[in-house]
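Engineer: Quick one, fold the following:
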Amino acid sequence: MRIEEEIRDDVRILRLSGELDATDVDDVAARLDAASTARPCDVVLNLEGVRFATVAVLGSVLRAQRRARKRGGKLVISAPSPFVGRLVHAFGLEDRMRAYPRDDDAIRHLRAGRDAAHPRAPCTPTAA
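Structural biologist: Residues are numbered from 1 along each chain as shown. I've put the predicted structure just below:
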């Protein structure tokens with residue numbers, strides 16, 4: 001497993017790649033939690049390079065999305081690999097794990113949320 005991080009357009013982008021199994025769940029969860037706690041607190045999770053992932057990894061992504069919302073941020077997915085797409089579909093999670101084809105598309109979605117008539121509250125740490 002590999003995680004790369006970049007900040008672009010006031011959004012934190014995490015790129016996961018490799019094979020993500022049960023031994024990686026805690027590391028992935030910690031990185032997602034740290035990313036949604038830091039500024040900027042909007043996170044794009046790029047899954048293009050993920051060749052394998054367990055359901056437990058998807059669960060940690062869903063939990064990280066909930067925690068980000070509680071803190072006033074958002075976590076969205078971009079460029080899911082074919083494997084991730086099949087896994088999400090197999091478990092019927094398409095509505096809960098909406099994905100954007102590219103990082104730029106995800107950033108536009110996040111920016112649109114910021115520009116809405118009802119701006120979100122600033123990022124604030126909360127108990128997990």
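Engineer: contacting residues for the most centrally placed residue in the chain?
Structural biologist: The residue lying closest to the centre of the chain (C-alpha atoms, centre = their mean) is Leu45, at 3.7 Å. Leu45 makes contacts with Leu14, Leu16, Leu32, Val61, Leu75, Val76, Ile77, Ser78, as judged by C-beta atoms under 8 Å, 6 or more residues apart in numbering. In this view, the C-beta of every residue, glycine as well, is placed from N, C-alpha and C.
Engineer: got it, and Asp103?
Structural biologist: So Asp103 contacts Arg8, Ile13, Val44, Asn46, Ser78, Ala79 (C-beta under 8 Å, 6+ apart).
Engineer: Could you confirm the fourth one falls within a strand?
Structural biologist: Yes - judged by DSSP: H, G, I helix; E, B strand; the rest coil, Asn46 forms part of a strand.
Engineer: Can you give me every residue that contacts Leu47?
Structural biologist: The contact partners of Leu47, taken as C-beta under 8 Å, 6+ apart, are Leu16, Ala53, Ile77, Ser78, Ala79, Pro80, Ser81, Val84, Ala99.
Engineer: burial measure for the fourth one, as a count.
Structural biologist: Pointing back at Ser78 there. Ser78 has 22 neighbouring residues, counting by other C-beta atoms under 10 Å.
Engineer: Next one, pLDDT for Asp27 please.
Structural biologist: We have a pLDDT of 94 for Asp27.
Engineer: Give the closest residue to it in space, chain neighbours not counted.
Structural biologist: Spatial nearest neighbour of Asp27, chain neighbours left out: Met1 (7.0 Å); criterion: C-beta to C-beta, 6 or more residues apart in numbering.
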